[in-house]
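have a look at this prediction, sequence included:
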Number of protein chains: 4
Amino acid sequence: MTTARLEAFTDGVMAIIITITVLTIRVPADATFSSLISLLPIFLIYIWSFQTVGIYWNNHHHLMRATSSVNAGVMWTNLHLLFWLSLIPFATEWLGDHVGEQWPTAVYCAVLLFAAVAYEMLERAIIRHQGKDSNLATALGNDAKGKISVLCYVLSLVTAFIYPWISYALVVAVIVTWFIPDRRVAP
Amino acid sequence: MTTARLEAFTDGVMAIIITITVLTIRVPADATFSSLISLLPIFLIYIWSFQTVGIYWNNHHHLMRATSSVNAGVMWTNLHLLFWLSLIPFATEWLGDHVGEQWPTAVYCAVLLFAAVAYEMLERAIIRHQGKDSNLATALGNDAKGKISVLCYVLSLVTAFIYPWISYALVVAVIVTWFIPDRRVAP
Amino acid sequence: MTTARLEAFTDGVMAIIITITVLTIRVPADATFSSLISLLPIFLIYIWSFQTVGIYWNNHHHLMRATSSVNAGVMWTNLHLLFWLSLIPFATEWLGDHVGEQWPTAVYCAVLLFAAVAYEMLERAIIRHQGKDSNLATALGNDAKGKISVLCYVLSLVTAFIYPWISYALVVAVIVTWFIPDRRVAP
Amino acid sequence: MTTARLEAFTDGVMAIIITITVLTIRVPADATFSSLISLLPIFLIYIWSFQTVGIYWNNHHHLMRATSSVNAGVMWTNLHLLFWLSLIPFATEWLGDHVGEQWPTAVYCAVLLFAAVAYEMLERAIIRHQGKDSNLATALGNDAKGKISVLCYVLSLVTAFIYPWISYALVVAVIVTWFIPDRRVAP
């Protein structure tokens, strides 16, 4: 079973998630500058969400290029990743309405955490399918970046209840870390 | 006529259905934990809908891999399947607002039933096109799983008017049954 | 220039149009049977819109299979077709709220008319690009079906202001006519 | 790394942007001709947005056909372009509600300006990747059209605060300029 249709479906779902998230920026009723400025928090969170989905798409692309075939386990694990990503529009909208508040921050961080864990599971499912000596297993090595991301999101989930702004710093830190594409897999 | 564009269009429609269904989880007005908890029913139903569309995508993928060419009948039957799947966002939203009530439960189960029947019709249209001795016809055999799903959905439609929670159990049961991809078609 | 990316983009746009149109069926506030029944008109119009987009996708598929290359003119004409199709969700929602009224009926019929004219223009742009002796020109012949559709839509636009139900009958008549895929192009 | 999946993802995102923008045309509450006429401004702005995204898709298509491979820089630059395009539905809706007002006009022009700059950056990233003597570098030449577009958008941003109708004229002027596909890249 080749990766072609898995990639096509994943591309489609990610393209839609990245695009409908913009609908969470609700158009202000009037045409004033102050209304525009009041959108700044949701706009910033939209940028994080856009970047995060963009990073997943990019890394997924690299991952699939190092993958020659998929089995049923890989397909379900991939769908599991898409499930958590599909909650990003909801999490973005709720946080955008309530920046600095505990529960919306926690939900946003939790969705990102579960997506990161799902991505790690996808990597493992592919390695399990292709064998420990495969190119991918060698290329990923101990996958420090992935593990650090998961750790950051766990931390951000805790800080959401103490001081949410630390959570936001952690979310941005992960984005910056991943901005550099995964050269371990890319040639 | 090859299956490529049929798959691409089906992937696109399914990717959009699976993603816009998340818009049915409406963001609460406040930022409290109790508001979040009140979303639990719609969240669970969203999981069922996501899984169900994911299963159709997965099985459709397997079905098309065992199909070498399509004719007009297959294309219309495929569109018929997509029609019923396209009603899942509506059915999910109505049921999410009214868990445990008769008519929303019945509509949700009816949409899943018609989609299941449409999938059976698609399988038959492909077998009719490829011949009774084709790989697909042999692989599908008597298609016990598909027939049991249809039966479960018929039952869930009846129980919706008696005790809706039995309907939900049946919907979950079908998801669990299909979670294992169709090994009859997959190699 | 091959037709691959033109088809991919067209598939994407049509898949989204066909799917977001379902958002025009607004979920009722209560869970009663009478609320469900009150959705019948919009549901019927949704079926027409779904079928119409499905027919365009199907015929577009056949058209592209008879087309070996595209030029700039074909790309713009294709985009022009997508523009009119993109208005279908709006037209469906307005008519669904006001069945039997003049202007919503006229707008719905006008959108379908302009889409039909745009499709005729696309066919002509492809024939102009490929030459009058091409397979496509021969296959399309005098294109009676396409011309009859345009005529029906013109008529339906007139009857929208006299007796809208004749317009609906004409829209359904065109759907029935096109349901049979264009065998002139298909092998 | 081939351009295939970059094109597929870009097609998906652009297809969704072009289609969900139509949701900004809100269906009127009544069925009168005057309600329909009141939609004219938003309808015109929708046409501009549709055309603009269509032009980007078309030019992107030509650009990718002159590109044999992509690197990480090209992928991020492409995502940057998609980010600005993703704001078009928001900008369209706000301007549609407030035609002739300063800030909505300025935001619309700013989004188009940033998208145009992002497209220039994408072209440069591809040339940097492929070398200054590549087909693309030669084909693009001094890229007068691209530079004029950016200039027009800068101007439109200034005039938004003086006399918004000049901004609209400039937006339309850019659309007309680009309507002719980029023959420098196309064969």
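Sure, I can see it.

which strands or helices does the lowest-mean-pLDDT helix or strand in chain A pack on?
The weakest-scoring helix or strand in chain A, judged by mean pLDDT, DSSP states H and E, is helix A:135-140 (a mean of 71). With contacts taken as 3 or more Cβ pairs under 8 Å, 6 or more residues apart in numbering or on different chains; DSSP states H and E, helix A:135-140 sits against helix A:102-130. Every C-beta, even on glycine, is put in place using the N, C-alpha and C of the backbone.

please identify the helix or strand for the nearest residue to A:Ser35 once chain neighbours are set aside.
In this structure, A:Ser35 finds its nearest non-sequential neighbour in A:Pro28, 3.6 Å apart by Cβ to Cβ, 6 or more residues apart in numbering or on different chains. Using DSSP states H and E, A:Pro28 sits in no helix or strand.

run a quick neighbour tally on A:Pro28.
18 (other Cβ atoms under 10 Å in any protein chain shown).

I'd assumed A:Leu39 was in contact with it.
Yes: with contact defined as Cβ atoms under 8 Å, A:Pro28 reaches A:Leu39; the gap is 6.9 Å.

could you measure from the residue in chain A that chain D sits nearest to over to D:Trp84?
As assessed by Cβ to the nearest Cβ, chain D sits closest to A:Ala15 within chain A, at 3.3 Å. A:Ala15 is 16 Å from D:Trp84, where distance means Cβ to Cβ, to the nearest Å.

ok, those two, which is more surrounded?
A:Ala15 (28 against 20).

in the helix or strand encompassing that one, which residues are buried?
Using DSSP H and E, A:Ala15 sits in helix A:4-20. Buried residues in helix A:4-20, counted by 16 or more other Cβ atoms under 10 Å in any protein chain shown: A:5-20.

now do stretch A:124-131
Here stretch A:124-131 shows A:125-127, A:129-130 as buried, counting by 16+ other Cβ under 10 Å.

do stretch A:83-92 and chain B meet?
Yes: using Cβ under 8 Å from any Cβ of the partner chain, stretch A:83-92 reaches chain B at A:83, A:86-87, A:89-90.

sorry, back to before: distance between the least confident helix or strand of chain A and the chain's centre?
21 Å (Cα atoms, centre = their mean, to the nearest Å).

list of residues touching it?
A:63, A:66-67, A:123, A:126-127, A:130-131, A:146, A:184-185 (Cβ atoms under 8 Å, 6 or more residues apart in numbering or on different chains).

beyond that helix, next helix or strand please.
Following helix A:135-140 in sequence, per DSSP H and E, is helix A:144-159.

moving C-terminal from that following helix, which element do we reach first?
helix A:164-179.

how about that following helix as CSV, C-alpha atoms only?
This file holds the C-alpha atoms of helix A:164-179, laid out as CSV (Å, rounded to 0.1, in the frame of the first residue of the first chain):
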residue,chain,number,x,y,z
PRO,A,164,-1.1,31.4,31.4
TRP,A,165,1.4,33.7,29.8
ILE,A,166,4.2,31.2,30.4
SER,A,167,2.0,28.7,28.5
TYR,A,168,1.9,31.1,25.5
ALA,A,169,5.7,31.5,25.7
LEU,A,170,6.1,27.7,25.6
VAL,A,171,3.7,27.4,22.6
VAL,A,172,5.8,30.0,20.7
ALA,A,173,9.0,28.3,21.8
VAL,A,174,7.9,25.0,20.2
ILE,A,175,6.9,26.8,17.0
VAL,A,176,10.3,28.4,16.8
THR,A,177,12.0,25.0,17.4
TRP,A,178,10.2,23.3,14.6
PHE,A,179,10.4,26.2,12.2
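
what angle separates it from helix A:144-159?
Orientation check (axes from the mean of the first three to the mean of the last three Cα atoms, to 10 degrees): helix A:164-179 against helix A:144-159 gives 170 degrees.

how much does helix A:164-179 deviate in direction from helix A:102-130?
Using the same axes, to 10 degrees, helix A:164-179 lies at 30 degrees relative to helix A:102-130.

can helix A:164-179 be said to contact chain D?
Yes: residues of helix A:164-179 are located near chain D by Cβ under 8 Å from any Cβ, namely A:Phe179.

next up, the contacts around the nearest residue to A:Ser86 once chain neighbours are set aside.
By the measure of Cβ to Cβ, 6+ apart, the closest residue to A:Ser86 outside its immediate chain neighbours is B:Val22, 4.9 Å from it. By Cβ under 8 Å, 6+ apart, B:Val22 lies in contact with A:86-87, A:89-90, B:46.

now rank those by neighbours and give me the top one.
Of those, with other Cβ under 10 Å as the count, A:Pro89 tops at 28 neighbours.

and chain A, which of its residues are near chain D?
So chain A meets chain D at A:7-8, A:11-12, A:14-16, A:18-20, A:22-23, A:25, A:27-28, A:30-33, A:35-36, A:47, A:50, A:54, A:57-58, A:61, A:65, A:179-181, A:183, A:186-187 (Cβ under 8 Å from any Cβ).

and the two most separated of the contacts of helix A:135-140?
A:Gly131 and A:Gly146 (19.6 Å; Cβ to Cβ).

what secondary structure does A:Val99 sit in?
Following DSSP: H, G, I helix; E, B strand; the rest coil, A:Val99 is assigned to coil.

that one contacts A:Leu40, correct?
No: here A:Val99 does not reach A:Leu40: they are 9.5 Å apart, not a contact under Cβ under 8 Å.

look at these two and report which has more neighbours.
Counted by other Cβ under 10 Å, A:Val99 and A:Leu40 do not tie: A:Val99 has more neighbours, with 17 against 10.

so how far is B:Ser35 from that one?
16 Å.

contacts for stretch A:149-168 next, please.
Taking Cβ under 8 Å, 6+ apart as the rule, stretch A:149-168 contacts A:99-103, A:105-106, A:108-110, A:112-113, A:116-117, A:120, A:170-171, A:173-174, A:177-178.

what's the closest of the residues of stretch A:83-92 next to chain B to B:Trp76?
A:Ser86 (29.6 Å).

measure the closest one to B:Ile162 for me?
33 Å.

how long is stretch A:18-32 end to end?
28 Å (Cα to Cα, to the nearest Å).

how far off centre is that stretch?
Worked out by Cα atoms, centre = their mean, stretch A:18-32 lies 21 Å from the chain centre.

what of stretch A:170-178?
11 Å.

relative to chain B, which residue of chain A is the closest?
Taking Cβ to the nearest Cβ, chain A has A:Gly12 as its residue nearest chain B, at 3.3 Å.

show me what contacts that residue?
B:11-12, B:15-16, C:12, D:12.

where are the low-confidence patches of chain A?
Within chain A, the stretches with pLDDT under 70 are A:1, A:132-133, A:139, A:141-142, A:180-187.

so how far is D:Trp103 from the residue nearest to A:Ser35?
Distance from A:Pro28 to D:Trp103, by Cβ to Cβ: 9 Å.

which one is A:Ala15 nearest to, not counting chain neighbours?
D:Gly12 (3.3 Å).

what parts of chain A come near chain C?
So chain A meets chain C at A:Gly12 (Cβ under 8 Å from any Cβ).

10 Å instead, please
Within reach of chain C by Cβ under 10 Å from any Cβ of the partner chain, chain A has these residues: A:8, A:12, A:15-16, A:19-20.

now do the contacts for the nearest residue to A:Asp97 once chain neighbours are set aside.
Taking Cβ to Cβ, 6+ apart, and ignoring the residues beside it in sequence, A:Asp97 has B:Val27 as its nearest neighbour in space, at 6.6 Å. By Cβ atoms under 10 Å, 6 or more residues apart in numbering or on different chains, the residues touching B:Val27 are A:24, A:89-98, A:104, B:35, B:39.

great, nothing more from me.
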